[in-house]
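Engineer: Fold the stuff below for me.
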Amino acid sequence: MTTPGNARLRAARQSLGLRSQAALAEAVTNAAREVGLRIAVTARTVRRWESSTPPWPHPDHAAALEAVFQRPITELGFAPPWSGDSDAGYSPQRQPDSSAGAHPRIGQSGPLLPASVAADYMAVTVAHRRMYWSLPAVRIHRAVAEHALLGADLVEQVADSAKTLLATAVSESSLLAGRLEFFDLQKPELAQRSFVLALQAAHEAHDSLLGAAALAHMSFAPAFSGSTTRAEEARDRIRAARAFARRGDANPLIIAWLDAVEAEVETRFGDTRRALGLIHHAEQQFAEIDDRASPVWFDWFSEARLAGFKGNTLMVAGQGRDARETLEGVLQDLPDEAVKQRSIILADLAAAAVIEKSPEKACEYLSSAMDQLGQNWYATAMERVKAVRQTLREWESLPAVRKLDERLYDWHTTVNSVVG
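Structural biologist: Take a look at the predicted model:
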């Protein structure tokens, strides 16, 4: 007796006049390209989707499927891996709507709304942008994520004169949600969904620079995965981001940031020589700053932050002294409110101290980094702190290292590490 397979997806495919699995594969591939995703779906993949036990699609595939069928993939016969959990959703907050795990979609049917809704929505987006630098991630994340989903629902309900403004705000909010999810909360799969929504909204707003920002952020997940098999995936995202940036006539500051992102990617995959070349190119961009203003949402990059990228790459390259000198300069130049970045720099200084065989100094830097984390938790920084602690194993008998462990594994730090 044959199994019916994924009847929902097969019926949805046939309702669109796509008579073969190959036809659906082509439609999904084309839909992905329309929103800036470069994927190639084959008939074999569709065959797996239409089987009796369809796998949960890759985030990019899911976004393209939803673009084709205009419905969540949970309505296409796919069950999210966590659907058996009584709290169907993901930490630290539940999915704000009932379609847990599905990619948010741009536009829902409803009555026409006044143009003032777009301006009001943007005002909240701007407030979130400012609060990001002072509020703990776990407190602001839910508000930002739900705001992004609300905006996605409203884009098709406002007057045409306000649609671009609203879509721009939705893209920015989704980008911020993704940054919180990836860097602050270490939820890469959740961040991917937010970055896809940011890209879709940027498409609606015809904003190539927001699209470039979303694509560049998508490169971090494969780069931070630790899997060398994902290197080309990360590099493809960077190439796409650069293409969007050229289309949007990006100024030198944005080009420098893309150089820094690519340098981070190459550093993660072990090519520090290329990474340092990219950082040198980024430094040259600062000498070519012109009168083109950066978008107001582009508030996370500066010359000091570029130097932070450089110090990390020098450290990974084993150039401890050069890394230390660079990072010490960054530490002096960072503004007081840059608490998150300060914790990262202190952890990298500790790593440089280990390279220079100065374990006591490394412990001092790590202790200072944890002081910063006590003010504003930042999961990415704690990950670096723990990575440096692993390199101190040969000095575990030192009082400074034992004292560090008491601090690293106290109640406050341990609970924050587990909860995120």
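
Engineer: in the stretch 51-200 of the chain, which ranges drop under the pLDDT threshold?
Structural biologist: Flagging of the stretch 51-200 of the chain using pLDDT under 70 yields the residue ranges 80-110.

Engineer: let's go with 90 and repeat that
Structural biologist: Applying pLDDT under 90 to the stretch 51-200 of the chain flags the ranges 52-75, 77-112, 133-139, 156, 159-161, 184-187, 189.

Engineer: which residues in it form helices?
Structural biologist: Applying DSSP state H, counting those that start in this stretch to the stretch 51-200 of the chain gives helices spanning 59-69, 116-131, 137-154, 160-179, 188-205.

Engineer: Need the ones you listed in CSV (columns: distance to residue 343).
Structural biologist: Placement of C-beta: from N, CA and C, glycine included. Compiled in CSV, these are given as follows (distance: least, C-beta to C-beta, whole Å):
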stretch, distance to residue 343
helix 59-69, 29
helix 116-131, 19
helix 137-154, 13
helix 160-179, 16
helix 188-205, 20
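
Engineer: Determine which of those helices approaches residue 280 most closely.
Structural biologist: helix 160-179 (26.2 Å; C-beta to C-beta).

Engineer: packing partners for the closest one?
Structural biologist: helix 116-131, helix 137-154, helix 188-205, helix 208-218 (3 or more C-beta pairs under 8 Å, 6 or more residues apart in numbering; DSSP states H and E).

Engineer: check contacts around the closest residue to residue 356 other than its chain neighbours.
Structural biologist: Nearest non-adjacent residue to residue 356, counting by C-beta to C-beta, 6 or more residues apart in numbering: residue 320, 4.4 Å away. Shown in contact with residue 320 (C-beta atoms under 8 Å, 6 or more residues apart in numbering): 352, 353, 354, 355, 356.

Engineer: Can you list the buried residues in whatever helix or strand residue 285 lives in?
Structural biologist: Using DSSP states H and E, residue 285 sits in helix 272-286. Within helix 272-286, the residues scored as buried using 16 or more other C-beta atoms under 10 Å are 272, 274, 275, 276, 278, 279, 281, 282, 283, 285.

Engineer: Tell me the spacing between the fifth one and residue 190.
Structural biologist: Translated: residue 278. According to C-beta to C-beta, to the nearest Å, residue 278 and residue 190 sit 28 Å apart.

Engineer: how many neighbours does residue 70 have?
Structural biologist: Residue 70 sits with 10 neighbouring residues when counted by other C-beta atoms under 10 Å.

Engineer: likewise residue 135?
Structural biologist: 15.

Engineer: for the one 10 residues further on, same thing?
Structural biologist: When counting by other C-beta under 10 Å, one arrives at 25 neighbours for residue 145.

Engineer: same question, residue 303
Structural biologist: The burial count for residue 303: 16, using other C-beta under 10 Å.

Engineer: Settle this for me: it is touching residue 284, isn't it.
Structural biologist: No: counting by C-beta atoms under 8 Å, residue 303 does not reach residue 284; the two are 11.9 Å apart.

Engineer: hang on, the earlier thing: list of residues touching the helix holding residue 285?
Structural biologist: Taking C-beta under 8 Å, 6+ apart as the rule, helix 272-286 contacts 252-253, 255-257, 259-260, 262-264, 266-267, 303, 306, 309-310, 313-314, 316-317.

Engineer: Nearest to residue 209 among the buried residues of helix 272-286?
Structural biologist: residue 285 (15.4 Å).

Engineer: For the closest one, give its distance to residue 256.
Structural biologist: 4 Å.

Engineer: Model confidence for the nearest residue to residue 262 once chain neighbours are set aside, exactly?
Structural biologist: Excluding the flanking residues, the one nearest residue 262 by C-beta to C-beta, 6+ apart is residue 238, at 4.9 Å. Among the per-residue scores, residue 238 shows a pLDDT of 97.

Engineer: what's the helix or strand for residue 238?
Structural biologist: For residue 238, the host element (DSSP H and E) is helix 231-247.

Engineer: what's that helix packed up against?
Structural biologist: Using 3+ C-beta pairs under 8 Å, 6+ apart, helix 231-247 sits against helix 208-218, helix 220-224, helix 252-268.

Engineer: Dump those into TSV; add mean neighbour count, distance to residue 70 and mean pLDDT as well.
Structural biologist: Compiled in TSV, the helices and strands packed on helix 231-247 are given as follows (neighbours: other C-beta atoms under 10 Å; distance: least, C-beta to C-beta, whole Å; pLDDT from 0 to 100):
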stretch	mean neighbour count	distance to residue 70	mean pLDDT
helix 208-218	26	21	97
helix 220-224	22	26	94
helix 252-268	24	32	97
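
Engineer: Turn those into JSON lines, including distance to residue 25.
Structural biologist: Conversion of the helices and strands packed on helix 231-247 to JSON lines gives the following (distance: least, C-beta to C-beta, whole Å):
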{"stretch": "helix 208-218", "distance to residue 25": "22"}
{"stretch": "helix 220-224", "distance to residue 25": "23"}
{"stretch": "helix 252-268", "distance to residue 25": "29"}
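
Engineer: Relative to residue 405, which of these is closest?
Structural biologist: Going by C-beta to C-beta, the one of the helices and strands packed on helix 231-247 nearest residue 405 is helix 220-224, 25.5 Å.
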